[in-house]
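>>> Just to be clear, the model below is a prediction. Sequence and coordinates:
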Amino acid sequence: MTCDRVPLRPTVLTAAAGLLCTALASLPASGTAAATLLYLLPVVVCVVVTAVAVPRVPARSRGPWWWLLAGQCLYLAGELVFAVGDLRGQERWPTPGDAFYLLAYVPVTVGLLSLNRQRSSSRYRGSLLDAAILSLSAATLFGVFVVLPVASDTAQPPLARVVSSAYPVADVLLFFLVARLVTGPGARPPAFWLLVLSTTSTIVADVVWNLQQLTVGGTTSGPVLNALWLLYYVGLATAAASARAPWRPEPASPSTGGLTAPRLFLLAVAASLPSAVLVVMALLDRPVAVGWLAAGSLALIALVVARVWDLLQRLRSQSAQLEALARTDPLTGLPNRRTLEHELARLCRPGRADGVFVALVDLDHFKRYNDTRGHQAGDHLLRSAAAAWVEDLGPDGFLARWGGEEFVAVVTGPAAQAERRLDGLRAVVPDGQTCSIGVSRWVEGESADATLQRADAALYAAKAAGRDRCEVAGRASGDPATGRAR
């Protein structure tokens with residue numbers, strides 16, 4: 001990805017102000033009204049900064065940021081409603097502000113999905129599976145230790161249980177989208193990491209909040225939770241202020257499909273975590289939802305198998321591409337010397353009923369053409385000549401690039417017919433150029449190299465005789481059957 005230089009002053013000032021407010025909010029406050037104001041003030045500032053920064057994001061990558069801004073505005077609405085209730089001494093749960101908090105997940109999810117689409121493509125299945133493995137591991141633990149206890153707490157009214165369960169479910173979705181961003185290929189500018197920090201902080205804050213609900217209850221958030229939630233607003237505002245270019249995808253590692261050693265270790269830990277928790281809880285004789293942990297472990301095994309299969313498919317595809325590159329001339333797309341040797345070994349076998357004729361074809365005065373018209377014109381002539389000769393030889397002929405301006409044509413059949421076909425290559429040379437051809441017939445018991453050497457000698461004879469000729473090895477130049485010139 002190419003990224004414009006990030007303007008230092010707005011980004012640094014936003015980050016500094018946000019971190020200062022976060023530090024202040026993390027300090028114990030003496031009065032409820034002062035604490036609420038100290039928390040809400042940086043939230044409002046961050047939302048305003050985001051609203052000013054988003055229109056300045058490049059148009060083609062601005063869409064996701066509008067969604068993220070909409071989510072931030074809904075969060076702010078929830079904060080204001082919650083603050084009013086808190087100042088009035090409201091203790092009931094859930095609060096009216098939770099409706100806005102939960103609604104905010106919708107545009108935030110859409111925004112992160114859009115960023116994922118900008119950054120990645122369907123070709124990168126590996127990073128998608130990696131994110132799924134990490135998220136499923138987290139979802140299993142969330143489900144066992146947060147969702148199930150909250151959902152089964154009959155002391156709470158049904159609405160409270162539904163709302164409390166909705167937060168970790170939505171957080172798992174956000175976790176997956178963030179993991180998809182981090183594991184996907186592509187450059188990671190400051191805006192990327194700021195957005196990751198922003199979303200991660202709110203996920204962590206929600207987890208701590210749910211654990212607090214399970215242990216001590218209450219609707220009052222402590223200074224640590226306030227600091228984490230403020231980090232979300234600060235991170236998003238700073239990310240929007242520093243976003244100056246689209247997050248274009250970059251190819252993953254060609255050999256490993258993005259499976260670096262640290263990522264492999266992280267995936268191994270994530271895949272084994274539910275099983276490890278199940279074993280530990282059994283050793284401690286603690287009650288646990290065995291079915292959920294077992295189901296999560298089995299699903300993780302399936303995802304790991306899918307990841308290995310995807311890696312094997314990638315390696316097979318790369319192996320096929322490397323094999324094709326090793327057997328193909330990159331300029332003309334013709335078979336190269338290695339493929340020619342394989343083809344000659346296949347054709348030059350004892351007991352053939354028809355003849356095998358090998359021709360060395362050389363473009364006349366190619367160096368002069370290349371020097372006077374330029375290398376691009378020379379490359380174009382090589383490609384055009386190769387295409388014309390392939391078409392002229394037909395499907396039963398074979399043409400390979402020997403090197404430089406020299407090519408090797410191989411045909412089979414009766415001698416007179418084969419020689420006419422090979423001599424006909426001179427008539428289709430493009431751009432008014434000519435070529436010289438040396439032909440030799442494979443003799444049973446002779447090596448393919450020896451046949452090529454005789455064709456090479458015939459080619460030199462054609463050049464010595466004035467070029468633009470076809471000479472057959474073993475025949476005198478000017479013989480009626482050969483040595484033809486246009």
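Sure thing, it's come through.
>>> those strands in the stretch 251-400 of the chain, which residues are they?
Remark: strands assigned in the stretch 251-400 of the chain by DSSP state E, counting those that start in this stretch are 355-363, 398-403.
>>> Would you tell me which one of the ones you listed is buried the most?
strand 355-363 (a mean of 23; mean count of other Cβ atoms under 10 Å). For the C-beta atoms, the positions are set from N, CA and C on the backbone; glycine is no exception.
>>> In the stretch 151-300 of the chain, what residue spans correspond to helices?
Along the stretch 151-300 of the chain, counting by DSSP state H, counting those that start in this stretch, helices occupy 158-183, 190-215, 223-242, 261-283, 290-326.
>>> Switch those over to CSV; also include distance to Gly85, mean neighbour count and mean pLDDT.
Shown next, in CSV, are those (distance: least, Cβ to Cβ, whole Å; neighbours: other Cβ atoms under 10 Å; pLDDT from 0 to 100):
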stretch, distance to Gly85, mean neighbour count, mean pLDDT
helix 158-183, 15, 19, 90
helix 190-215, 16, 19, 86
helix 223-242, 16, 24, 87
helix 261-283, 37, 15, 87
helix 290-326, 34, 14, 87
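>>> circling back: closest one to Ala455 among the strands of the stretch 251-400 of the chain?
In terms of Cβ to Cβ, the element of those nearest to Ala455 is strand 355-363, at 4.6 Å.
>>> Partner strands of that closest one and their direction?
Its sheet considered, strand 355-363 pairs with strand 406-413 (antiparallel), strand 435-441 (antiparallel) by DSSP bridges.
>>> Can you say which of the ones you listed is nearest to Thr50?
strand 406-413 (63.1 Å).
>>> Need the contact partners of that closest one.
334, 340, 343-344, 347, 352, 354-362, 385-386, 389, 393, 396-402, 418, 421-422, 425, 452, 455 (Cβ atoms under 8 Å, 6 or more residues apart in numbering).
>>> Just after it, pick out the following helix or strand.
helix 415-423 (DSSP states H and E).
>>> so what does that following helix touch, helix or strand wise?
strand 355-363, strand 406-413, strand 435-441, strand 469-472 (3 or more Cβ pairs under 8 Å, 6 or more residues apart in numbering; DSSP states H and E).
>>> can you put the ones you listed in CSV and add mean pLDDT and distance to Val208?
Putting the helices and strands packed on helix 415-423 into CSV (pLDDT from 0 to 100; distance: least, Cβ to Cβ, whole Å) gives the following:
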stretch, mean pLDDT, distance to Val208
strand 355-363, 95, 75
strand 406-413, 95, 72
strand 435-441, 96, 79
strand 469-472, 94, 85
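>>> Val279 is nearest to which of those strands?
strand 406-413 (66.1 Å).
>>> so how far is Pro330 from the residue lying closest to Glu391 once chain neighbours are set aside?
Sequence neighbours aside, Val428 is the residue nearest to Glu391 in space, at 7.7 Å (criterion: Cβ to Cβ, 6 or more residues apart in numbering). Counting by Cβ to Cβ, to the nearest Å, the gap from Val428 to Pro330 is 23 Å.
>>> between those two, who's got more neighbours?
Under the neighbour definition other Cβ atoms under 10 Å, Val428 and Pro330 were set side by side, and Val428 has more, 15 against 9.
>>> For that one, which residues are in contact?
By Cβ under 8 Å, 6+ apart, Val428 lies in contact with 388-389, 391-392.
>>> quick check, nearest of those residues to Leu325?
Trp389 (22.1 Å).
>>> thought that closest one was touching Leu425?
Yes. Counting by Cβ atoms under 8 Å, Trp389 does reach Leu425; the two are 5.3 Å apart.
>>> shared neighbours of the two, anything?
Listed contacts common to Trp389 and Leu425 are 361, 409; contacts here mean Cβ under 8 Å, 6+ apart.
>>> What distance do you get for Leu236 to Val48?
Counting by Cβ to Cβ, the gap between Leu236 and Val48 amounts to 12 Å.
>>> let me redo that: Cys348
80 Å.
>>> For these two, indicate the residue with more neighbours.
Counted by other Cβ under 10 Å, Cys348 and Val48 do not tie: Cys348 has more neighbours, with 20 against 12.
>>> Quick check, pLDDT for that one.
pLDDT for Cys348: 86.
>>> got a list of what it touches?
So Cys348 contacts 356, 442, 446-448, 451 (Cβ under 8 Å, 6+ apart).
>>> Quickly name whichever of those is closest to Pro149.
When the contacts of Cys348 are compared against Pro149 (criterion: Cβ to Cβ), the nearest one is Ala448, at 76.9 Å.
>>> Spit out the contact partners of that closest one.
Ala448 neighbours (Cβ under 8 Å, 6+ apart): 341, 344-345, 348, 358, 442.
>>> ok, the residues you listed vs Asn226, which is closest?
Using Cβ to Cβ, Glu341 comes nearest to Asn226 of these, at 73.6 Å.
>>> what's the distance between the closest one and Val410?
From Glu341 over to Val410 (counting by Cβ to Cβ), the distance is 11 Å.
>>> neighbour-wise, which of these two wins?
Remark: of Glu341 and Val410, Val410 carries more neighbours, 23 against 15, as counted by other Cβ under 10 Å.
>>> Alright, that wraps it up for me.
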